[in-house]
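Asks: Build the 3D model from these lines:
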Amino acid sequence: MALDTAARWAIILLAVIAGFAALQLAADVFAPLVLGLVIGVVLSPISHAIERRGAPSWLSALVVMSVSLLLLAGILVFLGPVFSRLLTQAPQIWLELRETFRSLQDMLGVISSASEEVARAISPDGTVPDGDEGPRVPSVLDAIFVAPAFAAQLLIFIGTLFFFVMSQDEIYDWIETQVGGGKIGARLKEADRMVSRYFLAIALINCVFGGCVAAALALIDMPQPMLWGVVATLMNFILYLGPACVAVMLAVAGVVVFDGIAQLLPPVIFVALNLTEGQFVTPALIGRRMSVNPLLVFLSLVFWLWLWGPLGGFIAIPILLWALAFTGKLPHPGPRGYLAGAGNGAASAESNSTSRNTTSSR
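Replies: Model prediction:
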């Protein structure tokens, strides 16, 4: 009996490992597919509102798809020229950073001289390698090779989003029929409602947060504050790691743009605003009881980032929250939360525990 149990668990473990390997090997297919499902769940209130007014399901799916593509196009149109300029200026920025690091290195004379001696010792001709070429700027040929893959992934995303939104209720009814129990469909729909309202609230908070970042950076004459506001808004959806990346980027930008102690102003301002948003604003609007263990959030981010890169980081939190809402482990935030009264289905009877540390820890 013990051998049968061990063999069963071994088969389950091998199946899970094989599934993860398949997801990673076929990331070009599964990543946009899962992203389409996540966006469909997040924007489901829009489709349901349209259908309640008597519109056909294909029309609601078309509206949701159009909204998603317009948002994506707006982000690309806004960020495209800026990133293009940054790529052309990358060698100059690289040189300025090297000069800054060299000045810091000169302040530590002992360490600097020791490193030069090591470099001469390992160099074949006894000279210190220059290495001032900087990062390679992507060429037009690189873009030509990437374009077909991007177009294919975009097509998968559009198709998945459209057909999922159009047949979402039928899919859930079919799952309930196949699985049985009479509550699966209601729990799926309740999980969708909780996650969608949660992320629509987070999107509103992040937009206001990005506006505050842009305004604060404009006050200190930081170049392109609107760009930094958009970047802060988007990266704030990736808990922990997103704000940390923005703080590092602002630290580098501060070194390039300002001199002296003013170099610290951009990252310090951003960190102060992020702490204010995470510790006070979001818990007050979303509800302190809307909570997930921070370790669970971090592990989810690490896993999905490892599996699918930046796209995995974006979908990590929605997938985690959806799974917890489906299993009844994600409670409603209570009467003071933004989501108070959002849905009264099967999961609301199980929502009375844990406090929301995910966003408050950002």
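Asks: Quick check: end-to-end length of stretch 284-298?
Replies: 22 Å (Cα to Cα, to the nearest Å).
Asks: can you pull the contacts of Thr276?
Replies: Counting by Cβ atoms under 8 Å, 6 or more residues apart in numbering, Thr276 touches no other residue. For the C-beta atoms, the positions are set from N, CA and C on the backbone; glycine is no exception.
Asks: State the distance from it to Tyr198.
Replies: With the distance defined as Cβ to Cβ, to the nearest Å, Thr276 ends up 20 Å from Tyr198.
Asks: which residues does Val213 contact?
Replies: The contact partners of Val213, by Cβ under 8 Å, 6+ apart, come to Pro225, Trp228, Gly229, Ala232, Ile269, Phe270, Leu273.
Asks: In those residues, which residue is surrounded by the most others?
Replies: Ala232 (27 neighbours; other Cβ atoms under 10 Å).
Asks: For stretch 239-254, give me every contacting residue.
Replies: Outside stretch 239-254, the residues that touch it by Cβ under 8 Å, 6+ apart are 97, 222, 228, 231-232, 234-236, 238, 262-267, 270-271, 274, 297-298, 301, 305, 313, 317, 358-359, 361-362.
Asks: how about it: buried residues?
Replies: Buried residues in stretch 239-254, counted by 16 or more other Cβ atoms under 10 Å: 239-243, 246-247, 249-254.
Asks: farthest pair in those residues?
Replies: Pairwise distances across those (Cβ to Cβ) peak at 23.9 Å, for the pair Leu239 and Gly254.
Asks: Please pull out the lowest mean pLDDT helix or strand from the chain.
Replies: The weakest-scoring helix or strand in the chain, judged by mean pLDDT, DSSP states H and E, is helix 109-122 (a mean of 54).
Asks: next SSE after it?
Replies: Following helix 109-122 in sequence order, the next helix or strand is helix 140-166 (DSSP states H and E).
Asks: Mark which of the contacts of stretch 239-254 are part of strands, please.
Replies: Using DSSP state E, no member of the contacts of stretch 239-254 falls within strands.
Asks: From the buried residues of stretch 239-254, pick the one nearest Leu321.
Replies: Nearest to Leu321, judged by Cβ to Cβ, of the buried residues of stretch 239-254 is Leu239 at 10.9 Å.
Asks: and the closest one, what pLDDT?
Replies: At Leu239, the model reports a pLDDT of 78.
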